[in-house]
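> Need a 3D model of the sequence below.
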Amino acid sequence: MVGLVNYAKEPRSVELRELSVPAIGEEDVLFKVQAVGICGSDLHQYAGKQSWRVNYPVVLGHEFAGFIARLGSRVCGFKEGDRVVSETAAVLPADSALIRQGLYNLEPNRLGFGYGVDGAMATFVKVPARCLHHVPASLVLEKAALTEPCCVAYNAVCVNSHLGLGDTVAVIGPGPIGLLCAVMAKLSGAGHIVVVGIPADAKRLAIAKQLGADTILGAQGEDVVEWVKNFGDGYGLDLVIDATGVSASLKLGLDIVRPAGQITKVGWGPQPLNFSLDPLVQKAVRLQGSYSHNWPIWEKVISLLASGRIDLDLILNRISPLSEWLEAFEEMHAGTIVKGVLQP
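The predicted structure is shown next:
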């Protein structure tokens, strides 16, 4: 089979390689990949700029959908040919207090597809059956492959944020996760949604508007802080979602969140802050991290996708064969498209 392998830390150390079909254990399935999404983390690894440990060489890809090609002898509840998606926690320790709480996504010793173990940018991938979810017939697999980023956004907005009906929300960063966070805020009853970017984000900000954002800022270099001072009662916004990871975004979040408001940080970034956190104290703001997802979130998101409540038509902009991975990576990096899906 063919797989897209990240073989070293150095930038652009990614290439298609001929690989063996993975052997599976008693509680695994051999997963035939039909569609695999390109994540920002794949782009970071391609550029050699990730802030997490990678077990080189490794097949990229952790957002995927397809069919069960073969079952391990102890797998129950699934059969060959089933349409499925997979969670990302490929390897978990045998015993963990966090797993017992249902918080296996926060287990520090977990290994995920695409960096810790071989991922899904390949013809086949070995998947533990505990990671699987059935895909309803009404949901095409190319969209089902994006269940994972939708779950990231759902966890950030609907689980880890205290979003009340009619609350004002700012999403900083109109990348895939940021746009999906705006979608989740809309579904959750936000009263006014502001999506913030920079001039290079003009195309994605326009998509944010189409997705239901009430205001978009940054395409023309607008002063976001000044806009917020003149919005509503002038005290700021109830909830700020930082979906970029850069330090300047968190500082902006502190500037525009209202007293007793909340900032939820979902974007990764290794840079030092280089600014004071005193406004966090002065405003009594809640700063909340949000990472990954777990089983009930996946079930809810699959239902929302299958019903059309989450509409990915504006976000999924390119579906292409695995052989065109480089063009798709570059288009996502340049912001030409929001999200690309590869078909191995």
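
> hey, let's count contacts and neighbours off CA atoms from now on
Fine.

> Adjacent strands (with direction) for whichever helix or strand Val194 is part of?
According to DSSP states H and E, Val194 maps onto strand 192-196. Its sheet considered, strand 192-196 pairs with strand 168-172 (parallel), strand 215-217 (parallel) by DSSP bridges.

> for the residue lying closest to Gln34 once chain neighbours are set aside, what are its contacts?
Once flanking residues are discounted, Gln34 sits nearest to Gly66: 4.4 Å by C-alpha to C-alpha, 6 or more residues apart in numbering. Contacts for Gly66 (C-alpha atoms under 8 Å, 6 or more residues apart in numbering) come out as Phe31, Lys32, Val33, Gln34, Ala35, Arg83, Val84, Val85, Leu141.

> again, but for Asp242
Taking C-alpha under 8 Å, 6+ apart, we find Asp242 in contact with Val171, Ile172, Gly173, Gly178, Ser249, Leu250, Gly253, Ile263, Thr264, Lys265, Val266, Gly267.

> ok, which stretches of the stretch 151-300 of the chain are strands?
With strands called from DSSP state E, counting those that start in this stretch, the stretch 151-300 of the chain shows them at 168-172, 192-196, 215-217, 237-242, 257-265, 286-289.

> what is the rounded mean pLDDT of the fifth one?
Here strand 257-265 scores 98 as its mean pLDDT.

> What of the third one?
Along strand 215-217, the predicted confidence averages to a pLDDT of 98.

> Just give the number of residues close to Ala145.
Residues contacting Ala145 under the criterion other C-alpha atoms under 10 Å number 27.

> Can you tell me which residue is spatially central in the chain?
Using C-alpha atoms, centre = their mean, the residue of the chain that lies closest to the mean C-alpha position is Pro149, 3.1 Å off.

> before we move on, which element is that residue in?
Using DSSP H and E, Pro149 maps to helix 147-154.

> cool, and Gly66?
Here Gly66 is assigned to strand 63-71, by DSSP H and E.

> Assumed Ala35 was part of a strand.
Yes: counting by DSSP: H, G, I helix; E, B strand; the rest coil, Ala35 is part of a strand.

> Quick check: it touching Gly340?
No: in this structure Ala35 lies outside contact range of Gly340 using C-alpha atoms under 8 Å: 10.0 Å.

> of the two, who's got more company?
Neighbours per residue (other C-alpha under 10 Å) separate Ala35 from Gly340, with Ala35 holding more: 30 against 23.

> Quick check, pLDDT for the residue nearest to the more buried one when sequence neighbours are not counted.
Nearest residue to Ala35 in three dimensions, chain neighbours excluded: Gln343, at 4.7 Å (C-alpha to C-alpha, 6+ apart). Gln343 carries a pLDDT value of 98.

> now do Pro272
pLDDT at Pro272 comes out at 86.

> And the one 3 residues further on, by the same measure?
Phe275 carries a pLDDT value of 94.

> How about the contacts made by it?
Lys251.

> Kindly provide the distance from it to Ser41.
Remark: distance between Phe275 and Ser41 (C-alpha to C-alpha, to the nearest Å) = 26 Å.

> try Leu71
The spacing between Leu71 and Ser41, counted by C-alpha to C-alpha, is 29 Å.

> do Leu92 as well
The gap separating Leu92 from Ser41 is 20 Å, by C-alpha to C-alpha.

> So the two - more neighbours on which side?
Regarding Leu92 and Ser41, a neighbour count based on other C-alpha under 10 Å identifies Ser41 as having more, with 19 against 16.

> Check the secondary structure at the closest residue to the more buried one other than its chain neighbours for me.
Spatially, and ignoring its direct neighbours in sequence, Ser41 is nearest to Gln50 (7.1 Å; C-alpha to C-alpha, 6+ apart). At Gln50 the chain is in coil, as set by three-state DSSP.

> Touching, Gln50 and Glu10? I think so.
No: assessed by C-alpha under 8 Å, Gln50 is found out of contact with Glu10, at 10.8 Å.

> And these two? Which one has more around it.
A count of neighbours by other C-alpha under 10 Å puts Gln50 above the other of Gln50 and Glu10, at 18 against 13.

> Could I get the pLDDT score of that one?
Confidence score, pLDDT, at Gln50: 90.

> shift numbering so it begins at 214
Fine by me, first position is 214 from now on; the one you just mentioned is Gln263.

> ok, so what distance separates Glu544 from Ile550?
Glu544 sits 6 Å away from Ile550 when distances are taken as C-alpha to C-alpha.

> Which one of the two is surrounded by more residues?
Using other C-alpha under 10 Å as the criterion, Glu544 and Ile550 rank with Ile550 on top: 21 against 16.

> Roughly how far does the more buried one sit from Thr360?
Distance of Ile550 to Thr360, computed by C-alpha to C-alpha: 18 Å.

> now Val234
Computed with C-alpha to C-alpha, the distance linking Val234 and Thr360 is 25 Å.
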